[in-house]
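Participant: coords please:
(chains A and B)
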Amino acid sequence: MNIPRNVKRTALVLGLLTTAACSTTGGGLFGNGANGAGGAGNGQIEETSLAYFQQTIGDTVLFAVNQTGLTPTAMAILDQQAAWLVANPTVTILIEGHADERGTRDYNMALGSRRASAVRDYLVAKGVADSRISVISYGRERPLAICSDESCWSKNRRAVTIVTSGAPLG
Amino acid sequence: MAGIGKITRAALAVFALLLPALPAVAQQPTLEIDVTGGVIEPVPFAVPGFIPENAAAAPVAAQITQVIASDLIGTGLFREIPPQAYISGVSNFNAPVQFADWRAINAQALIVGAVSVQGNKLTVKFRLFDVFAQVPMGQGVQFTGTPESWRRIAHKVSDAVYSRLTGEGGYFDSKVVFVSESGPKGDRLKRLAIMDYDGANLEYLTDNSTIVLSPRFSPDNSQILYTSYETGEPRIYLMDLASRNRQTFPSLVGTSFAPRFAPDGERIVFSQTKRGNTDVFTLDIRTGRETRLTTSPAIDTSPSFSPDGKRVVFASDRGGSQQLYVMSANGGDARRISFGTGSYSTPVWSPRGDLVAFTKIENGRFHIGVMRIDGSQERLLTASFLDEGPTWSPNGRVLMFFRETSGASGAPEIYAVDITGRNLRQVPTPEFASDPAWSGLLK
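Facilitator: Purely as a prediction, here's the structure:
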């Protein structure tokens, strides 16, 4: 499911502001806030729902050029991903690591693996069982943005957390 | 599968016979082409249409002549004198050569040939002459094969001519395996394909249902290693080209990629990623036993054996940026060989053992380059938005690589360039194409 990027951004920013609320029980307040600010929805997004994970928390973290370290922004998103995953213990995930097109295929394959592993290690440190997590690298094979300048490359240097099974219904 | 079987059969069927020499002339040939960098002006040659010795041979004789001319012109070392300039023709393979007529039109080398087709047997013979010295260069040679193998036989004539004129081995009777690409940049469809070195006889080896990457020939050209996402994650496969049967290596766990054969064909060297860390390993194909060659927490990838099998060159970012390192084929200490600015990757040891070809990234530009094994005499041969993944011609004189254009519609094509930096040209493919790997000379 896709929502406009600017809406997703807004949701992420709000997510950062309310991390504490999110990691407790929160209720519908947070989802309302995100939808209201972004103007995207006419209903609430349940905090336990997959849509909440993908849109409100955000399934993607970004990396700097040739870097595999997590930025403070990335860690804030992953804190919420971890809290959601702890609250939804039946969920298993696949973390995809990606690179921009400005390195060789082989190097980018390794870089994508490192990025996915950095996300996995962070989630494990935050209490998500290692056995629930798979990782894969797509190197530079699956760019999200396809122009050839930094505005696209910065979006392609990413790790995406994909719920593969056990997602709560609704 | 038909095509690969055909190649194998053709390979068995093609053989050469030396023809009796023409009456001896006292003078020695003086025509010799230096391929190492001195040549700027291509040497003019004439290749009058090979003589069809029976009616059935006429069409294929013309095609063979055209392929030979195209092979030689494609090297950038030679240029063809157009037939319209000929003063006299050649109507009989054994007739004396009218050297004065060829000299008058400045043809320095003259190739004379004849073709016959009898049933399922194609026979092609040729002689090469040094026009200015007025002597044959080597003996005449006869090749036989099936009529379907006419292109291969033409390439074999070209290889023999090239070899006599340059003193180097040829590279025309060879194959290229690569990744054929279609579809939008964000969701590219990829499938393995194989073709003659000049783009002819293309066949697809896989469908495009999953991402496939970086195919590489076995030393005997009968198998390829490649990486596929078939099971969901990148994993190395081995395909037998004759049967198209594929196998994986059960002992490989997790992500494995960037495979290449050892020169003995019994081991492979590759990258494997465990817990996010990519190192270089070898694997014995028969036993499945794996040996870890690097233990660095850095990214160690793109390994390539030396032709004697004793050393491995690879790329690592252990020193910060990616650089090239050489280590024993058993692992242990690695010695850095690249010291220029920018980053270096995808090293490939030349078949002669004297050079390493590589991809270099500097100031946002990609280059194909070569350097000696000790890192000296670095030469950059190309520059573009993205040039990557050199592969050596069988004689170590030409590199193929792929060049990808930029932007939303950016896509890769295969190019070749001489190691002198001259003669950059595109290799024709029906779709976008990347990750070329050049075979050795076919047997």
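Participant: Which stretches in chain A count as strands?
Facilitator: Secondary structure of chain A by DSSP state E: the strands cover A:60-62, A:92-98, A:133-139, A:158-165.
Participant: Quick check, B:Ile419 in contact with B:Arg372.
Facilitator: No. Counting by CB atoms under 8 Å, B:Ile419 sits too far from B:Arg372 to count as a contact (11.8 Å). (Glycine included, C-beta is placed from N, CA and C.)
Participant: Which residues are in contact with each of these two?
Facilitator: Jointly contacting B:Ile419 and B:Arg372 under the rule CB atoms under 8 Å, 6 or more residues apart in numbering or on different chains are B:Leu355.
Participant: Which one's more surrounded, the two?
Facilitator: Shown here are B:Ile419 and B:Arg372; by other CB atoms under 10 Å in any protein chain shown, B:Ile419 has more neighbours (23 against 14).
Participant: Next one: the more buried one from B:Ser350, what distance?
Facilitator: According to CB to CB, to the nearest Å, B:Ile419 and B:Ser350 sit 8 Å apart.
Participant: list residues touching both of these two?
Facilitator: B:Ala357, B:Val370, B:Gly396.
Participant: ok, and which of those residues reach chain A?
Facilitator: By CB under 8 Å from any CB of the partner chain, no member of those lies near chain A.
Participant: Redo these as CSV? Include neighbour count and distance to B:Phe261.
Facilitator: Below are these laid out as CSV (neighbours: other CB atoms under 10 Å in any protein chain shown; distance: CB to CB, whole Å):
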residue, neighbour count, distance to B:Phe261
B:Ala357, 23, 17
B:Val370, 23, 21
B:Gly396, 21, 17
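Participant: quick one: which of those residues is nearest to chain A?
Facilitator: Checking the shared contacts of B:Ile419 and B:Ser350 against chain A with CB to the nearest CB, the nearest one is B:Ala357 at 13.0 Å.
Participant: give the contact list for the closest one.
Facilitator: With CB under 8 Å, 6+ apart, B:Ala357 has these contacts: B:Pro347, B:Val348, B:Ser350, B:Ile368, B:Gly369, B:Val370, B:Pro390, B:Thr391, B:Trp392, B:Leu399, B:Ile419.
Participant: Of those residues, just the buried ones, PyMOL syntax please.
Facilitator: Those of the contacts of B:Ala357 that count as buried under 16 or more other CB atoms under 10 Å in any protein chain shown are selected in PyMOL with:
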select buried, chain B and resi 347+348+350+368+369+370+390+391+392+399+419
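Participant: what are the phi and psi angles of the residue of chain B found nearest chain A?
Facilitator: At 2.5 Å from chain A, B:Gly276 is the closest residue in chain B, using CB to the nearest CB. Backbone torsions of B:Gly276, given as degrees, to the nearest 10, read phi 90, psi -10.
Participant: burial count for the closest residue to it other than its chain neighbours?
Facilitator: Nearest residue to B:Gly276 in three dimensions, chain neighbours excluded: A:Ser117, at 2.5 Å (CB to CB, 6 or more residues apart in numbering or on different chains). Using other CB under 10 Å, A:Ser117 has 22 other residues around it.
Participant: Chain A against chain B: which residues are in contact?
Facilitator: A:68, A:101-107, A:109-111, A:113-114, A:116-118, A:120-121, A:135-138, A:141-148.
Participant: In helices, which of those appear?
Facilitator: A:105-107, A:109-111, A:113-114, A:116-118, A:120-121 (DSSP state H).
Participant: So chain A: which segments form each domain?
Facilitator: Following the assignment in automatic domain parsing, chain A carries domains at A:1-57, A:59-170.
Participant: Buried deepest among these, which one?
Facilitator: Ranked by mean neighbour count, the domains of chain A are led by domain A:59-170 with a mean of 20 (mean count of other CB atoms under 10 Å in any protein chain shown).
Participant: per-residue confidence at residue 150?
Facilitator: I went with chain A, as the question did not name one. Looking at A:Glu150, its pLDDT stands at 94.
Participant: hm, I was asking about chain B
Facilitator: For B:Trp150, the pLDDT comes out at 97.
Participant: Now it. Nearest residue, chain neighbours left out?
Facilitator: B:Trp150's closest residue in space is B:Val60 (CB to CB, 6+ apart), at 5.0 Å.
Participant: Can you pull the phi/psi pair for the one you found?
Facilitator: When read as degrees, to the nearest 10, the backbone of B:Val60 gives phi -70, psi -30.
Participant: count of neighbours near it?
Facilitator: The number of residues packed near B:Val60 is 21, by other CB under 10 Å.
Participant: which ones are touching it?
Facilitator: When contacts are counted by CB under 8 Å, 6+ apart, B:Val60 touches B:Pro52, B:Val115, B:Val117, B:Leu122, B:Pro147, B:Trp150.
Participant: What's the ChimeraX syntax to select whichever of those residues are buried?
Facilitator: Only the buried entries of the contacts of B:Val60 go into this ChimeraX selection, using 16+ other CB under 10 Å:
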select /B:52,115,117,122,150
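Participant: Give me the subset of the contacts of B:Val60 lying in strands.
Facilitator: Using DSSP E, the subset of the contacts of B:Val60 located in strands is B:Pro52, B:Val115, B:Val117, B:Leu122.
Participant: With distance to chain A and pLDDT as added columns, please give these in TSV.
Facilitator: Shown next, in TSV, are the ones in strands among the contacts of B:Val60 (distance: CB to the nearest CB, whole Å; pLDDT from 0 to 100):
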residue	distance to chain A	pLDDT
B:Pro52	48	97
B:Val115	44	98
B:Val117	45	97
B:Leu122	41	97
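Participant: which one among these gets closest to B:Ser209?
Facilitator: Nearest to B:Ser209 among the ones in strands among the contacts of B:Val60: B:Leu122, at 38.5 Å, using CB to CB.
Participant: Who does the closest one form a beta bridge with?
Facilitator: The bridge-partner assignment for B:Leu122, based on DSSP bridges, gives B:Val117, B:Gly145.
Participant: What are the boundaries of the strands in the stretch 51-200 of chain B?
Facilitator: In the stretch 51-200 of chain B, the strands defined using DSSP state E, counting those that start in this stretch lie at B:51-52, B:78-80, B:109-118, B:121-130, B:135-136, B:141-145, B:175-182, B:189-196.
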